Structure formats: C-alpha cells, structure tokens
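> Prediction below, plus the sequence it came from.
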Amino acid sequence: MSTENEGNEGTAGEAAPSAPPVPADAPQAHPEDAPSVAAHPDPDLTATRQQPVHPAPEQQPAPDQVTGQTGAVPTTPQYAPPPPPQSAADAGWPPPPPAVPSYTQGAHGGGGGPVWGPPGGPHSSESPRKRGAGALVAAVVVAALVAGGIGGALGYWAADNNDDSGSTTVAASANPQDLKRDPGTVAGVAAKALPSVVTIEAQGGDGEGGTGTGFVYDKEGHILTNNHVVASAADSGQLTATFSNGKKYDAEVVGRAQGYDVAVIKLKNPPKSLTPLPVGNSDQVAVGDSTIAIGAPFGLSNTVTTGIISAKNRPVASGDGTGGSNSYMSALQTDASINPGNSGGPLLSSGGAVIGINSAIQSAGSSGQSQAGSIGLGFAIPINQATTVARQLIKTGQPVYPVIGATVTMDEKSGGAVISDRGTGGTEAVTKDGPAAKAGLRAGDVITKFNDTPVDSGPTLIGEIWTHKPGDRVTLTYERDGKSATAEVTLGERKGDS
C-alpha cells in the first residue's frame, strides 16, 4: 500500500465557541401562596420539587408533570392565582405527595436542569390561616420523603420574601476528589502523557518547514519523531520543541533514517524534570486493542484522539509525494484520527505505553494547496522497530539496515517481490557473495513469502526485512519457472541512507 506522510505542515483553525445553555425561568411566586418551609440541606437526600398546595375545585385538571433530560431546558410552569385559603378538611386532606422531577440528581449536579423549590411568599404572625397552610406544606414535604423513599440531597428554599421570582440556584460540588480521573481512562492516560509530548517546529534555511510532533525518549533530552518532520531543518535550519506547558526549547538533529522515517533530536538545554514516556511491546499488540494518539494536527497542539488497532503488519510505502523520500514499514493500522501535524507523535496503548510512532495516512485525495485529512486509515511505525533505530542513531548518528543483497522491483501488482534483471546504476541485481546469492536466489525469481508472512510486492518485502536486524536468519519462499522453493537467508547490513 502506498500512502502519503500525513505531513508536517499545518495551519491551526479557529473553533467557534458553542452557545451556553439557557436556564429555564423559575416559577413565579404569589403573595397569596402558603409560606415556604426551609429544609436543611442533607447530602444524602435528593433535591425535590414541591408543588404549591392549593385547595382544588371539583374537576380541576392535574398540573402537567415536569420532565427532565440531560441538557433539556424545562418549560416555565404557568401558575394561576390561587383561590382563597380553606381549611384542611375543605381541601380534602391529605393531598397526594408531589411528583419529583426526573432530572433531579442531587446536590452534586448531574441533572439536566435547575432544582426548584416552591414559590415562597410573605407571611404574617397575625394570620393563623396562613400558619395552618404552612403546616400543610411541611407535612407534604415529610409525606414525600417517607412515601417516596427519596435518596440524595434535599434541595432547600432560597427565595427572598421580597423577591417575587422565587428563583433558586443549586451549585455542583467543588470537591477536588470529584475531578480526578482514573489512571486507566483516556483522560487519565492523556493527563499523564501530555507533559512528555512536544510540538516540533522545523524551519529550513530556505524558509521551508512546518509542524510535527515528538515525545521524550530519555532523561538526557532525546526526542523521538519522524524523519520527514525534521528533514527540512536537518542541514541548515532551526528546530524548536514546545511542551504542553508552553515552554519552548531549541533542539538539534542527532540522527535520522530516511528509509525507516525515524529521527532523533535533542534539546539543547533540557530541563531536569523530563519524564520519558514508557515504551511498550508492539509485537504483543492485538487487533481490536484500544489506541490513543497525541499530536498537533494542522498545528493544534496537544490534541488527543482515540481508536483501535485495525490491523497489524500492514505493508506501507510512504513518502512526500515526490517519490524521492520513500520509507517502508510493516505498520500498525489504527482508526484513531491522525492528520498532518500528528507525524512523529506517540500511538499509545490503553495503559499509556508507546506502541508506535504515527507516520502516515491513507487519504481520499487532495487538490490544489489543500492537505488531505483523516479518513480513519492511519499508520504507525511499530515501537520495537523505532527504538532499535533510535539506539543506532544516538550511538552512531546513522541508521543500519538489514538487507538480502538483491534488488527487487517496486511494482505493487506483481504478485510478489520480483528480483530485477539489473540493479541500480547497471549493477548486478543479486550482489555477488551477498546473502541472496549464497542462498541460491537469482534475477527473475519471485519472492512470495517472508517467513510466514505473504509478500505481494517489493515494498512489502522491504517492510518485512526492516522489522529484523542484520544477522537474523529468515526463510524466503520464491517461485522460479512455475515451481515453488524455499531458501534460508542470513540478513546482511547496509549503513546509512544511500
């Protein structure tokens, strides 16, 4: 599969803020209503809305029940002027307990609307009938709590006697304990990983450059990223790395491997508080495992997206679109959203360990100056391969590639990796005394399997070879004159990018 690197150029877009929800109006209070009863807030009781108690004439329709859904704005109930107060007997005591709004979730928030109390009104010590009505309301509250068995926190009246609106506000809990996230959640993993992820800005001497991502590899200040992120500033240019807290550091290239699309840079004055991201084992990843990607898509730093491992050992030949800087990988495929600017960022497991370096995407195509975006087909370099390359770059500054000593065609529709008739520059396609020659391979042979992995093209074969190390013994299955055969090959090595 041939893809484009998801790029290191991006322009941050502006996000329009969403409109805040409009709170519902509280029911209007009337001076003729019964006096409100103040219930002490109790965190173990649910906030309850009480309907005002008024004696009802015969055939009086029941009030509409208030419903609540998360995010819904309740309609302001309309209250008719109450009739003159009557005795408890005339009113048909005891009245039924009032309904509890379904959105009431207690004093810790979580409901979809405000928690209301009954509209309060002024009362006088000279009116025994008013005091009697207040006792009825208190009895209603008790009846509702006992009959309904309501748990949670009881809402309490906060209406000002001089304020006819009767509006109350219930605040969510400000307990810091409620704001913590479990370590195994996406929020917990992101909070721990973000301080170790940097946004890289590369500026070449010719003015070319862009934005990519990297992550802290060790306490010495080495940052692991993609080669195509830093290539423009590798020879003469400027590199900076900005952490999630906004602190920016100058950096320099330690080494880069074009074929692997891996590079290591180092902070010039690294802080002492660096925390390397834990490295996982990409060989143990399974299809369906959860993934978390962190990067700066289109320049939007510290962006977190999630997905799963969609496939393993996906053969990918990626490049900058010119064909001159191709890299090959046996990639981890993920549907986590990856876009230009995510390049070089970590692909994390659900436990927060790095399992890959986000490197390329398959796009539906782009036109003009626009950049392609994610369609759910992202590819990451397995971290086992990337760390092997990183150690080589830190130690010697140049990559080491395993080879079979044979030139294969790059045709992706050949049904295998075909050994060419001639090598680069007119040289022999099969290197004399090289690994392939010693195993008996020759020009025209079609390699169809690398160990147990099917090979359908030259790029697929190269990607599989580069998951190994020089000196590894592998089994190649090939076809010659319509017959299938196998050969044991000990991989050789090539130093540096040619």
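Happy to help now that I have it. Numbering: from 1, shown residues only.
> Show me which helix or strand of this structure is least confident by mean pLDDT.
Of all helical and strand segments in the chain, the minimum by mean pLDDT, DSSP states H and E falls on helix 128-148, at a mean of 43.
> now the helices for the stretch 201-350 of the chain?
Secondary structure of the stretch 201-350 of the chain (DSSP state H, counting those that start in this stretch): helices located at 227-230.
> where does it have low pLDDT?
Low-confidence segments of the stretch 201-350 of the chain (pLDDT under 70): 320-325.
> just the strands in it please.
All strands of the stretch 201-350 of the chain, identified by DSSP state E, counting those that start in this stretch, fall at 209-216, 222-225, 237-243, 248-257, 262-267, 290-295, 303-319, 327-334, 346-349.
> want to throw these into a markdown table with distance to Glu201?
Yep, even glycine has a C-beta here, placed from its N, CA and C like the rest. Formatted as a markdown table, the strands of the stretch 201-350 of the chain follow (distance: least, C-beta to C-beta, whole Å):
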| stretch | distance to Glu201 |
| --- | --- |
| strand 209-216 | 6 |
| strand 222-225 | 12 |
| strand 237-243 | 5 |
| strand 248-257 | 9 |
| strand 262-267 | 12 |
| strand 290-295 | 13 |
| strand 303-319 | 16 |
| strand 327-334 | 22 |
| strand 346-349 | 18 |
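> Export those as TSV, with columns for mean neighbour count.
Formatted as TSV, the strands of the stretch 201-350 of the chain follow (neighbours: other C-beta atoms under 10 Å):
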stretch	mean neighbour count
strand 209-216	26
strand 222-225	28
strand 237-243	20
strand 248-257	19
strand 262-267	26
strand 290-295	25
strand 303-319	20
strand 327-334	26
strand 346-349	28
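> And the ones you listed: which comes nearest Gly397?
Nearest to Gly397, of all the strands of the stretch 201-350 of the chain, is strand 248-257, at 4.2 Å by C-beta to C-beta.
> could you give the angle of that closest one to strand 327-334?
Per axes from the mean of the first three to the mean of the last three C-alpha atoms, to 10 degrees, the angle that strand 248-257 makes with strand 327-334 is 120 degrees.
> Ignoring the adjacent residues along the chain, who's closest to Ala311?
Leaving out its chain neighbours, the residue that sits closest to Ala311 by C-beta to C-beta, 6 or more residues apart in numbering is Gln333, at 4.0 Å.
> mind checking how far that neighbour is from Lys438?
Distance check for Gln333 against Lys438: by C-beta to C-beta, to the nearest Å, it reads 35 Å.
> can you check Ser484 too?
To Lys438, Ser484 is 20 Å away according to C-beta to C-beta.
> Those two - which one has more neighbours?
Neighbours per residue (other C-beta atoms under 10 Å) separate Ser484 from Lys438, with Lys438 holding more: 17 against 11.
> separation between that one and Leu274?
Counting by C-beta to C-beta - Lys438 and Leu274 are separated by 46 Å.
> what's the answer for Ser244, then?
Ser244 sits 13 Å away from Leu274, taking C-beta to C-beta as the criterion.
> With Gly184 instead?
Distance, Gly184 to Leu274, by C-beta to C-beta: 24 Å.
> okay, these two: which has more neighbours?
Taking other C-beta under 10 Å, Gly184 and Leu274 do not tie; Leu274 has more neighbours (18 against 11).
> Got the phi and psi for that one?
When quoted as degrees, to the nearest 10, the phi and psi of Leu274 stand at phi -60, psi 140.
> next one: Thr396
phi -120, psi -10.
> quick one: it and Gly255 touch, right?
Yes - with contact defined as C-beta atoms under 8 Å, Thr396 reaches Gly255; the gap is 7.4 Å.
> Beta-bridge partners for Thr494, please?
Not Thr; residue 494 is Arg. Counting by DSSP bridges, Arg494 is bridged to Tyr401.
> shaky segments in the stretch 351-498 of the chain?
Scanning the stretch 351-498 of the chain for pLDDT under 70 picks out 365-371, 498.
> Can you list the residue ranges for helices in it?
383-396, 435-438, 458-465.
> what packs against the shortest one?
In other words, helix 435-438. Helix 435-438 sits against strand 483-490, with contacts defined as 3 or more C-beta pairs under 8 Å, 6 or more residues apart in numbering; DSSP states H and E.
> Which residue comes closest to Arg442 once chain neighbours are left out?
Nearest to Arg442 is Val430, by C-beta to C-beta, 6+ apart, at 5.7 Å.
> Could you double-check that that neighbour sits in contact with Ala406?
Yes - Val430 is within contact range of Ala406, at 4.9 Å (criterion: C-beta under 8 Å).
> Common neighbours of these two, please.
Here Val430 and Ala406 have Ile419, Ala436, Ala437, Leu441 as joint contacts, going by C-beta atoms under 8 Å, 6 or more residues apart in numbering.
> Check the residues you listed against Pro470 and report the nearest one.
Closest approach between these and Pro470, by C-beta to C-beta: Ala436, at 14.2 Å.
> contacting residues for the closest one?
Ala436 sits next to Ile404, Gly405, Ala406, Ile419, Val430, Val489 when contact means C-beta under 8 Å, 6+ apart.
> ok, 10 Å please
403-408, 419, 429-430, 442, 445, 447, 476, 478, 487, 489, 492 (C-beta atoms under 10 Å, 6 or more residues apart in numbering).
> And Thr396, by the same measure?
By C-beta under 10 Å, 6+ apart, the contact list for Thr396 reads Gly255, Lys495, Gly496.
> just the strands in the stretch 351-498 of the chain please.
With strands called from DSSP E, counting those that start in this stretch, the stretch 351-498 of the chain shows them at 354-361, 378-382, 400-403, 417-418, 446-450, 453-454, 473-480, 483-490, 492-495.
> will you turn those into CSV that also has distance to Gly204?
Below are the strands of the stretch 351-498 of the chain laid out as CSV (distance: least, C-beta to C-beta, whole Å):
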stretch, distance to Gly204
strand 354-361, 20
strand 378-382, 23
strand 400-403, 26
strand 417-418, 35
strand 446-450, 37
strand 453-454, 38
strand 473-480, 39
strand 483-490, 40
strand 492-495, 26
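> quick one on the thing from earlier: show me the contact partners of the helix or strand that the least confident helix or strand of the chain is followed by.
Sequence-wise, the next helix or strand downstream of helix 128-148 (DSSP states H and E) is helix 186-193. Contacts of helix 186-193 with the rest of the structure, by C-beta under 10 Å, 6+ apart, involve 180-183, 185, 197, 215-216, 244, 275, 277-278, 290, 292, 294, 302-306, 346, 348-354.
> Report the mean confidence score over helix 186-193.
Computed over helix 186-193, the mean pLDDT rounds to 94.
> how about it: buried residues?
Neighbour counts using 16 or more other C-beta atoms under 10 Å place Val186, Val189, Ala190, Ala191, Lys192, Ala193 of helix 186-193 among the buried residues.
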